[in-house]
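**Student:** missing the sequence, but the structure's below:
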């Protein structure tokens, strides 16, 4: 398993932002009607709970045969009950599937996602755009599952896993019982599912290779991810892709110049201090020391502005070439970014 994204872990959340543009003006609003992909969706969240009695070793073999590497990752990492080769795995898997709390979650997931076809259609459209920009890359199998509130997204080269229990709505009672703050749960909903899934996929396909990167490198890298998600989902609302509400987006737009010069005046672009990087890149309800209304992850938003300016100044650069360019300083210089 390449990477797991959990809204319950203190990871720097990769977030997305885009600008509302009309179809005629947006160079990313491309025609993908002729792009052919074969997007398979398998409902592990249904298959795991199909057995009328206790899960047997034979049932484990059936699930492993059908789901392969995902099943291994699910048992070893997502719910952490052991390896597939464990002869007693069926007992642990059965305990998970028959747990009263998990069964309640299953009922709620079934209510929300009995018909997954609308999300499959959105995912298919996003992966058609992905194939358009990266024709040599494979389309993953999409697998839905229940994680017990552990992992929202799991990925590997061949699959994209979506933990449906992590997208049950910002007002879902269990999220409050778990102590999750509103800024984390705001887009843990059906509305945020496809954007969250695509974010998980592209974030592991295009990882930051540089270790001990400075803030500028982190910002530009996340800006590239944002720009790519905008290319894959050109019609999705800004709020969904950024996981910001309208007020937060407006704050960023209205304070862009002040934010940029704050970074310049305080010599922040080339800092490698972890605490400083987390302050501006990490998930938080606000930026400490910034005026009221400032949203967390401001570095992601600012990095997106830089990358967007770079692509506007260099219209011959393809999305693929952008994603392969790891030179953050070059991108900043050639963007001529000046809010």
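**Tutor:** Done, it's in. Remember, predicted model here, so these are calculated numbers, not experimental data. Numbers count the residues shown, from 1 in each chain.
**Student:** Three-state assignment for the most centrally placed residue in the chain, please.
**Tutor:** The residue lying closest to the centre of the chain (C-alpha atoms, centre = their mean) is residue 199, at 2.9 Å. Following DSSP: H, G, I helix; E, B strand; the rest coil, residue 199 is assigned to helix.
**Student:** Next one: it from residue 131, what distance?
**Tutor:** 18 Å (C-beta to C-beta, to the nearest Å). (C-beta placed from N, C-alpha, C; glycine too.)
**Student:** Same question for residue 237.
**Tutor:** As judged by C-beta to C-beta, residue 237 and residue 131 stand 23 Å apart.
**Student:** Looking at these two, which has the bigger crowd around it?
**Tutor:** residue 131 (18 against 14; other C-beta atoms under 10 Å).
**Student:** pLDDT score assigned to the more buried one?
**Tutor:** Predicted confidence (pLDDT) for residue 131: 97.
**Student:** Same question for residue 16.
**Tutor:** Looking at residue 16, its pLDDT reads 39.
**Student:** Give me the residues contacting stretch 66-82.
**Tutor:** 1, 4, 42, 44, 47, 63-64, 83-84, 88-89, 92-93, 95-96, 141, 143, 145, 147-148, 150-151, 154, 156, 158-159, 161, 163 (C-beta atoms under 8 Å, 6 or more residues apart in numbering).
**Student:** Residue 150 and residue 178 touch, don't they?
**Tutor:** No - counting by C-beta atoms under 8 Å, residue 150 does not reach residue 178; the two are 11.0 Å apart.
**Student:** for the protein, what spans make up the strands?
**Tutor:** 3-5, 41-43, 141-145, 153-155, 159-163 (DSSP state E).
**Student:** How many residues are close by the closest residue to residue 295 other than its chain neighbours?
**Tutor:** Leaving aside its sequence neighbours, residue 295 sits nearest to residue 248 (C-beta to C-beta, 6 or more residues apart in numbering; 3.9 Å). Per other C-beta under 10 Å, the neighbour tally for residue 248 reads 22.
**Student:** Okay, residue 248 and residue 285: tell me how far apart.
**Tutor:** 10 Å.
**Student:** what do these two both touch?
**Tutor:** residue 295.
**Student:** Quickly list the domain ranges of the chain.
**Tutor:** 3-205, 215-335 (automatic domain parsing).
**Student:** Can you flag the weakest of these by average pLDDT?
**Tutor:** What stands lowest among the domains of the chain, in mean pLDDT terms, is domain 3-205, with a mean of 89.
**Student:** Report the distance from that one to the chain centre.
**Tutor:** Mean-position distance between domain 3-205 and its chain equals 10 Å (C-alpha atoms, centre = their mean, to the nearest Å).
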